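**Q** predicted coordinates and the sequence they were generated for:
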Amino acid sequence: MKKAVLFIAALVFFCSFGFAQASVGAWGRGIVSVAGGGDDILMSEHASWGWNTRVGMTISGTSDNVGFQADFNVDGAGVGAGDQQKIWVKPIDMLTITIGRSFDDTLRGNAVFGAWDWLRYDVIDGEDAIFGRVGITGQSNIEIALAPAEGAYIFAATNQILGGDAEILAQAAMAYAQIGAGYTIEGIGQIRLQYVGETSYRAASSGYIEGAFKLTMVEGLVVDLGGKYWMECPDQTSNMAKAALYISYSMDALTIHAYGDLMMYDEDTHVGDDLGLGFALGVDYSLEGGIGINADVRYANDIKSGYNDGTISGMVGVTMGFSNGLIGIGVEITTGNFVSGDNPMVAKPAPEDMAFAIPIRLEYWF
């Protein structure tokens, strides 16, 4: 532990004085909450997604043609690697080659608002809801990205692959592959398309195809529509498709969010030909003095949520912002549950009972 801390401190010192274009950044979030859903009330400390408070930092270096990034965290009194540890090189202006463990958010389509930034419900949509980042099934180990013209972006990436003969290696490379492209039409929006291999959790999967279009031609309005189609996967799962829509509208101090999705299953699955359905509405409002208000309400039917009666959830939170962070307090309720690592947070007498939480949120960025 002590050696790891000294190593990180040495890297910080080295970056501060050894490289003119190196930098140290940091982001972290912690929540302490009082929660319950029956006779028992509990107090716990965690991040929005469960586990431990995130105390993270990033060391990076950038030049015209070469760069690196190393993410660290000290969550739960342990030192560990963060999301990315990568090296990138641009041999020519339009081409970037990245190796290591990396994500690429250039074309990502999120629907982040409300409880996603507080204590998340166990049935909630947010990051990658419309279009997945590069590395969506696990960080990429190699990515080749090409920007051949203004507004155009093409990528091919893969996780670490194992092979035997040439045929096996080629099959593994394709199974782990993520290949796609996007094009921004000036003054109108952005179109995106990709293939994503899914071997990270389905051994015989043939992956899925995903497409999206983001409309940005109206000032303050974003409309992002996406769809997925899972290809046939014998002995693993039946075909499935998803359509999702995220809308946000900003006007002065007010931002309104709306999200909805529809999951379509093959009739041979355990849910038959029923549809999974979910939708959400959210509001952000900024007041003078750095005060912000967040609220959302969400619904998911029985097919999507896994609860017999579906789930209804809602929250309201108030934050006070500072130059490099914030503090906030909120109230959340759900007929589902809250995230807590691998397990539900609240022990409810019956699944349909209401669970509540009062989260206190601290966050920093540097």
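**A** Ah, there it is. Remember, predicted model here, so these are calculated numbers, not experimental data.
**Q** output the below-cut-off pLDDT ranges for this protein.
**A** Applying pLDDT under 70 to the chain picks out residues 1-20, 199-206, 232-239, 266-273.
**Q** residue closest to the middle of it?
**A** residue 127 (3.3 Å; CA atoms, centre = their mean).
**Q** surely that residue and residue 110 touch.
**A** Yes - contact status for residue 127 versus residue 110: in contact at 5.0 Å, counting by CB atoms under 8 Å. For the C-beta atoms, the positions are set from N, CA and C on the backbone; glycine is no exception.
**Q** where do the strands sit along the stretch 201-350 of the chain?
**A** Along the stretch 201-350 of the chain, the stretches classed as strands by DSSP state E, counting those that start in this stretch are 208-215, 221-230, 240-251, 254-265, 275-286, 291-300, 311-322, 325-334.
**Q** what is the orientation angle of the first one with strand 240-251?
**A** Pointing back at strand 208-215 there. Using axes from the mean of the first three to the mean of the last three CA atoms, to 10 degrees, the direction of strand 208-215 lies 20 degrees away from that of strand 240-251.
**Q** could you name the helices and strands sitting against strand 208-215?
**A** strand 189-196, strand 221-230 (3 or more CB pairs under 8 Å, 6 or more residues apart in numbering; DSSP states H and E).
**Q** and these as CSV, adding distance to residue 39?
**A** Shown next, in CSV, are these (distance: least, CB to CB, whole Å):
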stretch, distance to residue 39
strand 189-196, 45
strand 221-230, 42
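**Q** redo those as a markdown table? Include distance to residue 68 and mean neighbour count.
**A** A markdown table is the format used below for the helices and strands packed on strand 208-215 (distance: least, CB to CB, whole Å; neighbours: other CB atoms under 10 Å):
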| stretch | distance to residue 68 | mean neighbour count |
| --- | --- | --- |
| strand 189-196 | 26 | 19 |
| strand 221-230 | 31 | 19 |
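**Q** which among those strands is found nearest to residue 308?
**A** strand 221-230 (25.3 Å; CB to CB).
**Q** what lies in contact with the closest one?
**A** 109, 111, 129-131, 198, 207-216, 237, 239-249 (CB atoms under 8 Å, 6 or more residues apart in numbering).
**Q** how far off centre is it?
**A** Chain-centre distance of strand 221-230: 15 Å, with CA atoms, centre = their mean, to the nearest Å.
**Q** may I have that strand as PDB, with CA atoms only?
**A** Below are the C-alpha coordinates for strand 221-230, written out as PDB (Å, rounded to 0.1, in the frame of the first residue of the first chain):
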ATOM      1  CA  LEU A 221     -32.500  20.700 -28.300                       C
ATOM      2  CA  VAL A 222     -30.900  17.300 -28.700                       C
ATOM      3  CA  VAL A 223     -32.800  14.300 -30.000                       C
ATOM      4  CA  ASP A 224     -30.900  11.100 -30.100                       C
ATOM      5  CA  LEU A 225     -32.500   8.000 -31.500                       C
ATOM      6  CA  GLY A 226     -30.800   4.600 -31.500                       C
ATOM      7  CA  GLY A 227     -31.500   0.900 -32.200                       C
ATOM      8  CA  LYS A 228     -29.900  -2.500 -31.700                       C
ATOM      9  CA  TYR A 229     -30.400  -5.800 -33.300                       C
ATOM     10  CA  TRP A 230     -28.800  -8.900 -31.700                       C
END
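**Q** quick one: strands adjacent to it?
**A** Each strand paired with strand 221-230, and its direction, by DSSP bridges: strand 208-215 (antiparallel), strand 240-251 (antiparallel).
**Q** can you list the strands of the stretch 201-350 of the chain in JSON lines and add distance to residue 353?
**A** JSON lines is the format used below for the strands of the stretch 201-350 of the chain (distance: least, CB to CB, whole Å):
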{"stretch": "strand 208-215", "distance to residue 353": "35"}
{"stretch": "strand 221-230", "distance to residue 353": "33"}
{"stretch": "strand 240-251", "distance to residue 353": "29"}
{"stretch": "strand 254-265", "distance to residue 353": "25"}
{"stretch": "strand 275-286", "distance to residue 353": "20"}
{"stretch": "strand 291-300", "distance to residue 353": "17"}
{"stretch": "strand 311-322", "distance to residue 353": "12"}
{"stretch": "strand 325-334", "distance to residue 353": "10"}
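**Q** out of those, which is closest to residue 85?
**A** Evaluated with CB to CB, the strands of the stretch 201-350 of the chain place strand 325-334 nearest to residue 85, the distance being 25.2 Å.
**Q** if you count neighbours, what's buried in the closest one?
**A** 325-326, 328, 330, 332-334 (16 or more other CB atoms under 10 Å).
**Q** one more: stretch 259-267?
**A** 259-263, 265.
**Q** centre of the chain to it, how far?
**A** That offset, for stretch 259-267, works out to 20 Å (CA atoms, centre = their mean).
**Q** ok, and what's touching that stretch?
**A** Contacts of stretch 259-267 (CB under 8 Å, 6+ apart): 111, 113, 125, 129, 238-247, 271-282, 303-304.
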